[in-house]
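the following block contains a protein sequence and its predicted model.
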Protein chains: 2
Amino acid sequence: MESIDRARIKQHARILKAVASEPRLVIVDRLNRGECCVCDIAELIGADQSTASRHLAILRDGGIVDAERRGNHVYYRLTAPCVLGFLECAARVLEERGRGSDDEA
Amino acid sequence: MESIDRARIKQHARILKAVASEPRLVIVDRLNRGECCVCDIAELIGADQSTASRHLAILRDGGIVDAERRGNHVYYRLTAPCVLGFLECAARVLEERGRGSDDEA
DNA sequence: TGAGTATATGCATATATGGCCAAATATGCA
DNA sequence: TGCATATTTGGCCATATATGCATATACTCA
C-alpha cells in the first residue's frame, strides 16, 4: 500500500467530487437502473433542465457516465459502476456511527 | 438494487464530500499507514495547523476518522477504511479514460 | 501557579458550487 | 427552409467551502 502520487490525488479528487453531491448521487443511483435522457433527470432531481445538464456534464467530465445522442435526446448511462461502492461504504459508515450519537436528519 | 431514500442521500453526500478534497485524500492516504497528530498532518499537506485541524474535523464529522488525545497531542486514525475503495475506483476510472483523451495533468 | 506546546475555534476573505433565466446549438419533421 | 423540441452554455446571484491569522482551550512540566 504505497503513498499516492500527488498528481493522481488531484485527478482522484475530481472524480470523487463529481459524485459527492446530493443531486448527482440521485442521478448515479438512477442511472444504475438504466440510461435516461436529460429531461428525465431534470424531473428526477426537481431542477431546471439546464441544471440537470450541468450535473451530467460534471459526471461525464469525471468519467462516471457517458452520453449518446439519439435523435434530439441525449441519453446518459453509468460507465463507472464502481462508484456504487461509495454508497455501500457510506452506508457502513452511517451504521457504525448510528451506534454513537449524531444528526440522523 | 432499490432506489436510495432521499434522506439517506443527504447523509451519504456528506460522507463523500468529506473525502472529496485533495488535502483530505492526502490525509486519508496517510492515515491508512497509521495514526498521526495534527501537526504531522499540517506539515504533510503544507497548510496551517488550523487548516489541518479543520480538515480532520470534517473527516471526523463524516465518520471517516476518529481522534484520541494523548498528552497534548491529538492522534487521528482511519475508522472507515472502506473509503480506500474510492481511490481504487477512481484509479479504474482514470485507466478507462486514459484510453480516450483528457487532461492528464 | 505560570510558561510552553498542541489543538480547536472565531473571524475575515477568497474561491468554488449550485441554481435559474435567457440565449445559442443540435436535431427532427413538415 | 421554417418551426418545434431537447440540450448546452453564458451570465448572474446566493450560498458553501477553504484558508490564514489571531485567539481560546487543553494539557504538560517545573
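Sure, I can see it.

residues touching A:Gly46, list them.
Counting by C-beta atoms under 8 Å, 6 or more residues apart in numbering or on different chains, A:Gly46 makes contact with nothing. The way it works is simple: take the backbone N, C-alpha and C, and place the C-beta from them, glycine included.

who's in contact with A:Ala91?
B:8, B:12.

likewise for A:Ala80?
Applying C-beta under 8 Å, 6+ apart, the residues contacting A:Ala80 are A:63-65, B:89, B:92-93, B:96.

separate out the buried members of these.
Taking 16 or more other C-beta atoms under 10 Å in any protein chain shown as the criterion, what is buried in the contacts of A:Ala80 is A:63-65, B:89, B:93.

what about those residues, which are in helices?
B:89, B:93 (DSSP state H).

close to DNA strand C: what parts of chain A are there?
With the criterion set to C-beta under 7 Å from any atom of the strand, chain A comes near DNA strand C through A:17, A:21-24, A:47-48, A:50-51, A:54-55, A:58, A:69, A:71-72.

ok, 10 Å please
A:13-14, A:17-18, A:20-24, A:26, A:42, A:45-55, A:58, A:69-74 (C-beta under 10 Å from any atom of the strand).

got the contact list for A:Ile58?
A:Ile58 touches A:18, A:21, A:24, counting by C-beta under 8 Å, 6+ apart.

among the residues you listed, name the ones in helices.
Reading helices off those with DSSP H, I get A:18, A:24.

nearest to A:Cys36 among the contacts of A:Ile58?
Each of the contacts of A:Ile58 was checked against A:Cys36 using C-beta to C-beta; the closest is A:Arg24, at 14.1 Å.

quick revisit: now which of the residues of chain A next to DNA strand C would you call buried?
Buried subset of the residues of chain A next to DNA strand C (neighbour count, 16+ other C-beta under 10 Å): A:13-14, A:17-18, A:20-24, A:26, A:42, A:45, A:52-53, A:55, A:58.

in chain A, which residue sits nearest DNA strand D?
Across chain A, the shortest distance to DNA strand D (C-beta to the nearest atom of the strand) belongs to A:Ser50, at 2.8 Å.

quick revisit: report the two of the buried ones among the residues of chain A next to DNA strand C separated the most.
Between any two of those (C-beta to C-beta), the greatest distance is 27.2 Å, for A:Ala13 and A:Ala42.
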